[in-house]
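A.B. asks: pasted the sequence and its predicted model underneath.
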Amino acid sequence: HEAGAPADGGLSFEPVPPNTEDALRVPDGYRSSVVVRWGDPVLPGAPAFDFDDQSAEAQGKQFGYNCDFVTMFPMGRDRALLWVNHEYTAESLMFRGYTNGTSATEEQIRIAMAAHGGSVVEIERAGATGRWQLVTKGARRYNRRITAHTPMRFSGPAAGGDLLRTAADPEGVRPVGMLNNCAGGTTPWGTVLTAEENIDQYFVNGRKVPEAQRSYIARYTIPSGVPADSRRFDRVDERFDLAKHPNEANRFGWIVEIDPFDPGSTPVKRTALGRFKHEAANTTLSRDGRLVVYMGDDSRHEYVYKYVSNDRYIQGFDRHNRTLLDEGTLYAARFTGPAGEWIRLVSGDRSYVEGMSAVEVLVHTRVAADRAGATKMDRPEDVERNPVTGGVYVALTNNTRRTPAEVDAANPRAANKHGHVLEIVERDGDAAATSFAWSLPLVCGDPKDPATYFAGYDKSKVSPISCPDNLAFDRDGNLWISTDGNALGANDGLFVMPVRGEERGHLRQFLSVPVGAETCGPMVTEDQLSVFVAVQHPGEVSGATPDRPASRWPDDRQPRPSVAVVWHEGGERIGS
Ligand code: FEO
Ligand code: CA
Ligand code: CA
Ligand code: CA
């Protein structure tokens, strides 16, 4: 390492070079292992995974597919609950001979529905280092699977509204299941917030909803008919056919709150946080103690959002705290020059958008933000506040459809293949502020490309990075960035960069994931001894099938999406 590198950041590992290996590659001195993989038994009575003998009943008790957001709830030093999202299914890799949802067996469709959602699993430290493993014996009373069938409830101002009512739920308060849960966050009172993202892909026959609703169906890119690649959930559960149940799509696309310590609890879809293709929901407290939630809508030309509760968080008063996600104000971001503002959209029953009721703003939030003049961004993924510096970071993953005429200060490249990271500094450092300053510390790509920028750091010393997606922070406030869809040709990976001091912009690659995989989840544990990553969709390469797999990670057999943990073999802190 360079002599005299300042201690700021505490990062001294030798970066992993860009590569295309079918492996989880970590720096010298580090080790990795798989904590839990698709199909691992997690509930009582679950059978061992058998790729060639799957059933929906088994999958409902096994770890789901395509792990995404990962977070941990410690139960002492050596035991914890791990929450993991299961974003979506890749049927062509899960089942031999699969072509599409129309020709799939009904059992395959039911397996896919059971492989969605999320999991709570008990894990334990394995030895004295940062290695963790799945608890496979004992009661494991917190272990839980959430699927497309789990009973849930709505809360907040849109609950019970006309737009959420269906034949099966005439009161509009009892949605069933959650889908496409991408990233997420946690609350100060120890629950999970999990974000329903690309919910359009589960529905058919959008053109058959009542005329007045059709433009909203289109705004959320819900199919008008039956696409050839549809999963056809409607074949086993008719609520996914909008010709029969036109409001069902409105019941997805929410932030869902789940209490991992109460396996019998009903997950809550929090309508005050709006409905869009939610990527994540990261909380912090404002200067006066109100709850603030930062969120992104991950599609091209969509928006960055913020929610601020009316009341303050009171430590230990859970019943009060859970109302904070029901009563507050939803904002969308407008970036102008070096400044920006949070535009009010709705607060309780009060709409600030002309021509839309409060319920309409919450259910058709994209349309509300269009009308309010929010800034169209290059696919806002994770939005998260740095707990050390207070800066708020937005991962803008890419936007190949931005035209030269659409370039603006916050989205400075047309046909943006590699994405960028935006930093928001709220006025007076207060998360509840309605105005802010912002900058672009990272404009991604090959450092040799003059259009890239690494906060002014010497570009000969940084790792190439493309398509930032999930963000996380360690105890020193270093920014960890995982990628999805590396457009430079190498595998995806996890990177880390100090955001202050002389080392600001010194980005290094910490790990790379196997062929076809995306790096999700990243979480540095409180004790700084472990990094968890979700290795999502290994082997998802065009044309790959179970008979021609593109990856054999992690078992040298069919690829299995898995959560892995990385630690320093000498027990040193992560980044050393
Ligand atoms: Fe599911 Fe926006 O990544
Ligand atoms: Ca993501
Ligand atoms: Ca994050
Ligand atoms: Ca992504």
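C.D. replies: Sure thing, it's come through. Keep in mind that this is a model prediction, so the values were computed, not measured. Ligands and ions are numbered 1, 2, ... in the order given.
A.B. asks: now this protein against ligand 4: closest residue?
C.D. replies: Nearest to ligand 4 in the chain, going by C-beta to the ion, is residue 484, at a distance of 3.7 Å. All C-beta atoms are positioned from the backbone trio N, CA, C, and that covers glycine.
A.B. asks: which residues of the stretch 101-250 of the chain fall in strands?
C.D. replies: Here the stretch 101-250 of the chain has its strands, by DSSP state E, counting those that start in this stretch, at 117-125, 132-134, 144-146, 153-155, 181-186, 192-196.
A.B. asks: can you check the stretch 451-576 of the chain too?
C.D. replies: Going by DSSP E, counting those that start in this stretch, the stretch 451-576 of the chain shows strands at 453-454, 468-473, 479-483, 493-497, 508-512, 518-524, 530-536, 562-568.
A.B. asks: okay, those in TSV with mean neighbour count, distance to residue 290 and mean pLDDT next?
C.D. replies: Rendered in TSV, the data for the strands of the stretch 451-576 of the chain read as follows (neighbours: other C-beta atoms under 10 Å; distance: least, C-beta to C-beta, whole Å; pLDDT from 0 to 100):
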stretch	mean neighbour count	distance to residue 290	mean pLDDT
strand 453-454	20	34	98
strand 468-473	26	21	98
strand 479-483	27	25	98
strand 493-497	26	30	98
strand 508-512	25	34	98
strand 518-524	25	25	97
strand 530-536	28	30	98
strand 562-568	25	33	98
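A.B. asks: can I get these in CSV with distance to residue 126?
C.D. replies: Formatted as CSV, these follow (distance: least, C-beta to C-beta, whole Å):
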stretch, distance to residue 126
strand 453-454, 37
strand 468-473, 22
strand 479-483, 23
strand 493-497, 21
strand 508-512, 19
strand 518-524, 17
strand 530-536, 11
strand 562-568, 9
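A.B. asks: residue nearest the centroid of this structure?
C.D. replies: Geometric centre of the chain, nearest residue: residue 183, 1.4 Å, by C-alpha atoms, centre = their mean.
A.B. asks: residue contacts, it?
C.D. replies: Taking C-beta atoms under 8 Å, 6 or more residues apart in numbering, we find residue 183 in contact with 68-69, 85, 195, 279-280, 381-382, 469-470, 520.
A.B. asks: surely residue 531 meets residue 574?
C.D. replies: Yes. Contact criterion C-beta atoms under 8 Å: residue 531 and residue 574 qualify, at 5.4 Å.
A.B. asks: what residues do the two have in common as contacts?
C.D. replies: Here residue 531 and residue 574 have 524, 566-567 as joint contacts, going by C-beta under 8 Å, 6+ apart.
A.B. asks: and ligand 1, which of those reach it?
C.D. replies: The subset of the shared contacts of residue 531 and residue 574 lying close to ligand 1, counting by C-beta under 6 Å from any ligand atom, is empty.
A.B. asks: nearest to ligand 1, of those residues?
C.D. replies: residue 524 (20.2 Å; C-beta to the nearest ligand atom).
A.B. asks: ligand 4 contacts on this protein?
C.D. replies: 469, 484 (C-beta under 5 Å from the ion).
A.B. asks: okay, the lengthiest helix in the chain in PDB with CA atoms only?
C.D. replies: Counting by DSSP state H, the longest helix found in the chain is helix 106-115. Presented in PDB, the C-alpha positions along helix 106-115 are these (Å, rounded to 0.1, in the frame of the first residue of the first chain):
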ATOM      1  CA  GLU A 106     -49.100 -25.200 -12.100                       C
ATOM      2  CA  GLU A 107     -46.700 -26.700  -9.500                       C
ATOM      3  CA  GLN A 108     -43.800 -24.700 -11.000                       C
ATOM      4  CA  ILE A 109     -45.800 -21.500 -10.700                       C
ATOM      5  CA  ARG A 110     -46.700 -22.300  -7.100                       C
ATOM      6  CA  ILE A 111     -43.000 -23.000  -6.400                       C
ATOM      7  CA  ALA A 112     -42.100 -19.600  -7.800                       C
ATOM      8  CA  MET A 113     -44.700 -17.900  -5.600                       C
ATOM      9  CA  ALA A 114     -43.300 -19.600  -2.500                       C
ATOM     10  CA  ALA A 115     -39.700 -18.700  -3.500                       C
END
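A.B. asks: tell me which residues in that helix are buried?
C.D. replies: By 16 or more other C-beta atoms under 10 Å, the buried positions in helix 106-115 come out as 108-115.
A.B. asks: same thing with stretch 387-396?
C.D. replies: For stretch 387-396, the neighbour count (16+ other C-beta under 10 Å) marks 389, 391-396 as buried.
A.B. asks: which SSE is immediately downstream of the helix or strand of the chain with the lowest mean pLDDT?
C.D. replies: None of the helices or strands of the chain scores lower by mean pLDDT, DSSP states H and E than helix 318-321, at a mean of 94. Under the assignment DSSP states H and E, the closest C-terminal helix or strand after helix 318-321 is strand 328-336.
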